[in-house]
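**Student:** here is a sequence together with a model predicted from it:
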Amino acid sequence: MSQPALLALADGTLFYGTSIGADGETIGEVVFNTSITGYQEILTDPSYNRQIVTLTYPHIGNYGVNAEDAESRTVFAAGLIIRDLPLRHSNFRATLSLSDYLKANGTVAIADIDTRKLTRILREKGAQPGCIVSGQGIDAAAAVEKARSFGSMAGQDLAQVVAAREPYPWQTAEWKLGVGYTVQSDPKHHVVAYDFGVKHNILRMLAERGCKLTVVPAQTPADEVLALDPDGVFLSNGPGDPEPCDYAIAATREFIAKRIPTFGICLGHQILGLAAGGITSKMKFGHHGANHPVQDLDSGRVMITSQNHGFQVDETSLPANVRVTHRSLFDGTVQGIALTDAPAFSFQGHPEASPGPHDVAYLFDRFIASMEQVKRET
Ligand SMILES: NC(=O)CC[C@H](N)C(=O)O
């Protein structure tokens, strides 16, 4: 029998629905994501740590979940809010229903609420803390208080909370239909990848392009990374506010100074911006979805991109040696930067998709080309 559930926002708005996950309660910053598919990749994206995700697409769970589509070792989203869970899932790759997966991972989730109303509140007032309570004996006033106790995402260093504790090697390349995951057995470049909450598809796409990877914990000092003699350094995505990640900003400054090819995605992009002397700020409701138009300012091309961020690099703060390479066509904010005096560049959205379109995959090729060029010059 299904259990009742309640979503309480910090502003006092209450949404009564049905529990589709674990019994219990959860708090987090509520953000809306406009992806139509990819709920499993979204739930397991470590960048959603301490965030409760509502999906604007009404039917979620249709194709179930499977063991291969996880973007990390577990569910990281603090909770899930959807309109409608189908009675049955159907897909040849499915091994579990979304509801059973949420329960198995202890994730609190609510369905049967008006997600359009919720999204309008988040758009108008901005992302705000919320609390989902599921099971019997729900106390609405206590849920609102718990939502308010969350505070703000600003100032929270969560990269070191979710990151790996020990370095590890990575060789798994991309997934192919009928084959599954492949392995890179003939690598040409050694990349040290900082794990701030890295999504696996980034590592797979680098491995696919000839990289042998050593993934290191978020707080690994630059000299330990340099001792591994990398051809390039990768700065991963990750949760929370980039500004308190002073250890990562300091390390990145050293890679720039030593002219090590450096590529950053999302939190990694924000860290490169901070290392270069810029500042970051919290956005009103951020960008979360798989349908965001972004322009490559060099080629003029418009790409449809995958996005998941609530902070941004402020354009006016950037020094003269930082070039803006990509811009969001939704709100004009910075989506990519490149240093003019070092082989370092970054992208705010997700070139690795998972979920989403692959329009920006060429940035992985650009990183490979940057490592090849530096090798030719030295
Ligand atoms: N996906 C990410 O790396 C997100 C970066 C950062 N936590 C933000 O919200 O902006």
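**Tutor:** Received it, and whenever you're ready, just let me know what you need.
**Student:** can you pull out the low-pLDDT segments for the stretch 51-200 of the chain?
**Tutor:** Applying pLDDT under 70 to the stretch 51-200 of the chain flags no residue at all.
**Student:** strands of that one, residue ranges please.
**Tutor:** Assigned by DSSP state E, counting those that start in this stretch, the stretch 51-200 of the chain shows strands spanning 51-55, 79-81, 109-111, 128-134, 168-170, 172-176, 180-183, 189-195.
**Student:** okay if I get these as TSV plus distance to the ligand and mean neighbour count?
**Tutor:** All C-beta atoms are positioned from the backbone trio N, CA, C, and that covers glycine. Below are these laid out as TSV (distance: least, Cβ to the nearest ligand atom, whole Å; neighbours: other Cβ atoms under 10 Å):
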stretch	distance to the ligand	mean neighbour count
strand 51-55	8	26
strand 79-81	17	28
strand 109-111	21	27
strand 128-134	15	26
strand 168-170	18	14
strand 172-176	20	15
strand 180-183	23	11
strand 189-195	12	24
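**Student:** mind checking how far the residue nearest the centre of the chain is from S317?
**Tutor:** With distances taken as Cα atoms, centre = their mean, S47 lies nearest the centre of the chain, 4.0 Å away. From S47 across to S317, the span is 22 Å (Cβ to Cβ, to the nearest Å).
**Student:** show the pLDDT at T378.
**Tutor:** Predicted confidence (pLDDT) for T378: 85.
**Student:** show me what the longest strand along the chain is packed up against.
**Tutor:** Longest among the strand segments of the chain by residue count, using DSSP state E, is strand 280-296. Helices and strands touching strand 280-296, by 3 or more Cβ pairs under 8 Å, 6 or more residues apart in numbering; DSSP states H and E, are strand 24-33, helix 267-275, strand 302-313, strand 322-328, strand 334-339.
**Student:** and the third one, what's buried?
**Tutor:** Along strand 302-313, the positions that meet the burial threshold by neighbour count (16 or more other Cβ atoms under 10 Å) are 303-313.
**Student:** could you check the angle strand 334-339 makes with that strand?
**Tutor:** Relative orientation of strand 302-313 versus strand 334-339 (axes from the mean of the first three to the mean of the last three Cα atoms, to 10 degrees): 80 degrees.
**Student:** now the second one
**Tutor:** For helix 267-275 against strand 334-339, the angle by the same axes, to 10 degrees is 60 degrees.
**Student:** and helix 267-275, what does it pack against?
**Tutor:** strand 232-235, helix 246-257, strand 262-265, strand 280-296, strand 302-313, strand 334-339, strand 344-347.
**Student:** send the alpha carbons of the fourth one over as CSV?
**Tutor:** The C-alpha trace of strand 280-296 is given here as CSV (Å, rounded to 0.1, in the frame of the first residue of the first chain):
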residue,chain,number,x,y,z
THR,A,280,31.6,33.3,-8.8
SER,A,281,28.1,34.0,-7.6
LYS,A,282,24.9,32.1,-6.8
MET,A,283,22.2,32.2,-9.5
LYS,A,284,18.5,32.6,-8.9
PHE,A,285,17.4,29.1,-9.9
GLY,A,286,20.4,28.0,-12.0
HIS,A,287,20.4,25.8,-15.1
HIS,A,288,19.3,22.1,-14.8
GLY,A,289,18.2,20.3,-17.9
ALA,A,290,19.2,18.7,-21.2
ASN,A,291,17.8,21.3,-23.6
HIS,A,292,19.7,24.5,-22.9
PRO,A,293,21.0,26.4,-26.0
VAL,A,294,24.6,27.6,-25.7
GLN,A,295,26.6,29.5,-28.3
ASP,A,296,30.2,28.8,-29.2
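**Student:** just the angle between that strand and strand 24-33, please?
**Tutor:** 40 degrees.
**Student:** tell me how far strand 280-296 lies from the chain's centre.
**Tutor:** Between the mean C-alpha location of strand 280-296 and the chain-wide mean there is a distance of 12 Å, by Cα atoms, centre = their mean, to the nearest Å.
**Student:** cool, the fifth one as well?
**Tutor:** For strand 302-313, the separation from the chain centroid amounts to 10 Å (computed by Cα atoms, centre = their mean).
**Student:** so is that strand next to the ligand?
**Tutor:** Yes - on the criterion Cβ under 6 Å from any ligand atom, strand 302-313 is in touch with the ligand at 308-311.
**Student:** tell me the residues of this protein that contact the ligand?
**Tutor:** 47, 237-240, 266-267, 308-311.
**Student:** okay, now the domains of the chain?
**Tutor:** If you go by automatic domain parsing, the domain ranges for the chain are 4-148, 159-377.
**Student:** what is the end-to-end distance of the first one?
**Tutor:** What that stands for is domain 4-148. Start and end residues of domain 4-148 are separated by 22 Å (Cα to Cα, to the nearest Å).
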